[in-house]
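**Q** Below are the sequence and a predicted model for it; my questions follow.
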Amino acid sequence: MLIPSNLPFLSPKIQEILQTIKDSDDIKYIYSKDRHLIPLVEKCLLHSKYNPIGEAKRIDFGVPDHPDQITIALGLGAGYHLVEHAKIKPLVVIPLDYQLLKSVLSQIDLEQFFEQQSLIIINEDEVLHYLDFSTGKKIHFIIQPVLQRIKQTEICIIQKKINHQISQILIEKNTIGKMNYIWLKNFLKNLYYCQKNSFTNEPLEINKKSILITGAGPSLDHNIEKIKHLKRELYIAATDTSYPILIKHKIVPDSVFSYDASPYSFYHFTDDTNQIKKTRLFIDTISPLASIALPKTLLFSEYPFNNFFNYLGFQQKKLSSQSRNIGGSMIAFFSNYFSNIPIITVGIDYANYLYQSYSQYTYQLDYKLIHGHFFKTENTFDSEFFYRNNYIQEKVNWKTTQLFHHYQSETVFENLYSLSQSPFISFKKINCLNTFLDNINLTRNNILNFQYPKIKTDTLKNKWKDFINSNNQTIKPLLKNLLDQGVKIDHLMHHIFE
């Protein structure tokens, strides 16, 4: 029977689980020299038989004293190794063995060692409810040394479950933490360029042509000669990553799209000097590419500060970042605004071909070569960029990852076709591009208008103050993060506009 004073340390779900666990006499106990009960599990004492709390202080669990650290203890044991840690900050504990947990909670009163607010025992499925992600950016596991040796399988299973639940949250938080200042700086610069009328608001017109969206995947190399031969029959819209590949093959796209805030985006345009003004560049408000010598048009992702353009009377045209990749965003853009035109993709493969992630002439390949070494294969390179890069399936020289699978699942539109031979593409496959285009009968032009008003400097500054001081819930987390970094938003805006 559980000691009643232990119940406040248990989540409701843990209490329910323990009610289903039968009492057992298999777990034995001995007293340490200082009279603390020590469980004996699989013929191993879980703690020191002399001074379990004192000797636990000498064990280095690698827990840094860091305010953004979230610490999870895997396995309670008898709890002695957690006493000192719980004095510093509250601990979340996830059991490795429920039979052992019930036995310990029936024999040892945790209230002797822990304040009720300093420790909570939960199930691994409850981490999102009990962990505080408002400040935490990293996860660290405390694992009692003896349990680590005898419960390896259980530990691996639980860690995978936890990582699956929290990886996306931590990626987003860390991205915000690292990129928030860059996003705002780029946003304000693009706002400045708007005020200077540096963006073109000319309509986007597609004249009786199918749309070809080019990504930088391996299938772009496989189909480049077809595209070169039929380029006049297509409206070619390039991702920024595929733009230099097309230029190398003397294919000048009608448009190129980018929303990446990274300064690396400039690398896509460094080799182009002659063709550049023939292509229209569409960028999001957080892009750094406003200085590129292309005719540019502004589009709007879900970046919270974009709500400010509503204050200015903009009828926003969306370049959604929900798909988390520029190829998927372009598919969404053309599907939403040109739904009656067939959309063909190439270089959007949702897989690697013979371990090749990208087409030739992309700077990503150079990056890999520069940063690679003998022990780092192409199979693991992208793990530096993506949090779910492990291969999950292979078909005929193509391998897909969890991340690619996620991208594919987010791209669900009608009227989509593909030149890629990747077996992980759900779009309709085109075997012969020439025949496909011959059978398409497009009888009218399609036009997308951009009604973006001119902005007066005084109006902009006054509305900006109103926006920042408003109770806008979408920008509050970003503002707090910026303030925590010591960013003075008014000073930054003054510097850019003056």
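**A** Received, thanks. Numbering: from 1, shown residues only.
**Q** Might you list the low-confidence residue ranges for the chain?
**A** Low-confidence segments of the chain, defined by pLDDT under 70: 59-68, 133-137, 168, 171-176, 271-277, 363-391, 410, 412, 498.
**Q** Report the residue ranges of every domain in it.
**A** When the chain is parsed with automatic domain parsing, its domains come out as 4-150, 187-448.
**Q** Out of the ones you listed, indicate the one that is most buried.
**A** domain 187-448 (a mean of 18; mean count of other CB atoms under 10 Å). Any C-beta I mention is one placed from the backbone N, CA and C, and that applies to glycine too.
**Q** sorry, back to before: how about the domains of the chain in CSV, adding distance to I158?
**A** Formatted as CSV, these follow (distance: least, CB to CB, whole Å):
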stretch, distance to I158
domain 4-150, 5
domain 187-448, 18
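**Q** Which among these is found nearest to L170?
**A** If you check each of the domains of the chain against L170 by CB to CB, domain 4-150 wins as the nearest, at 6.5 Å.
**Q** Please compute how far that closest one lies from its chain's middle.
**A** 32 Å (CA atoms, centre = their mean, to the nearest Å).
**Q** The chain should start at 54 in everything you say after this.
**A** All right, first residue 54 from here; so that's domain 57-203.
**Q** start to end distance for it?
**A** 29 Å (CA to CA, to the nearest Å).
**Q** swap in stretch 79-93?
**A** 9 Å.
**Q** in this structure, which helix has the most residues?
**A** Assignment by DSSP state H gives helix 205-248 as the longest helix of the chain.
**Q** Not counting its own residues, what contacts the next helix or strand after that helix?
**A** Per DSSP states H and E, the first helix or strand lying C-terminal to helix 205-248 is strand 257-260. Here strand 257-260 makes contact (CB atoms under 8 Å, 6 or more residues apart in numbering) with 288, 308, 333, 350, 390-391, 394, 498-501, 503.
**Q** mind listing which of these are in helices?
**A** Y390.
**Q** from the contacts of strand 257-260, which is closest to N276?
**A** Once CB to CB is applied, the member of the contacts of strand 257-260 that ends up nearest N276 is Y288, at 16.4 Å.
**Q** got the contact list for that closest one?
**A** 259-260, 262-265, 307 are the contacts of Y288 under CB under 8 Å, 6+ apart.
**Q** distance of it from S373?
**A** 20 Å (CB to CB, to the nearest Å).
**Q** isn't I396 right next to I266, touching?
**A** Yes: with contact defined as CB atoms under 8 Å, I396 and I266 form a contacting pair (6.4 Å).
**Q** wait, what's in contact with K110?
**A** K110 neighbours (CB under 8 Å, 6+ apart): E137.
**Q** Can you point out the buried residues in stretch 544-551?
**A** For stretch 544-551, burial by neighbour count (16 or more other CB atoms under 10 Å) applies to 546, 550.
**Q** Off-centre distance for that stretch?
**A** That offset, for stretch 544-551, works out to 30 Å (CA atoms, centre = their mean).
**Q** which outside residues touch it?
**A** Stretch 544-551 is contacted by residues 237-238, 241-242, 245, 248, 510, 514, 517 when judged by CB under 8 Å, 6+ apart.
**Q** Looking at these, which is nearest L283?
**A** Among the contacts of stretch 544-551, and counting by CB to CB, the member closest to L283 is K242, at 38.2 Å.
**Q** how close does that closest one sit to T453?
**A** As for K242, its distance to T453 is 37 Å (criterion: CB to CB).
**Q** Next up, phi/psi of H459, please.
**A** Note on H459: its backbone torsions stand at phi -60, psi -40 [degrees, to the nearest 10].
**Q** who touches I264 in this structure?
**A** So I264 contacts 287-288, 290, 387, 391, 394-397 (CB under 8 Å, 6+ apart).
**Q** no wait, Y296
**A** By CB under 8 Å, 6+ apart, the residues touching Y296 are 306, 309, 321-322, 325, 332.
**Q** Now with 7 Å, please.
**A** Contact analysis of Y296 by CB atoms under 7 Å, 6 or more residues apart in numbering lists 306, 309, 321.
**Q** if I look at Q461, how far off is T454?
**A** In terms of CB to CB, Q461 sits 11 Å off from T454.
**Q** Likewise for H282?
**A** Remark: distance between H282 and T454 (CB to CB) = 32 Å.
**Q** And S171, by the same measure?
**A** For S171, the distance to T454 (CB to CB) stands at 40 Å.
**Q** Now do the strands in the stretch 404-551 of the chain.
**A** Here the stretch 404-551 of the chain has its strands, by DSSP state E, counting those that start in this stretch, at 405-406, 444-448, 451-454, 469-471, 481-482, 498-501.
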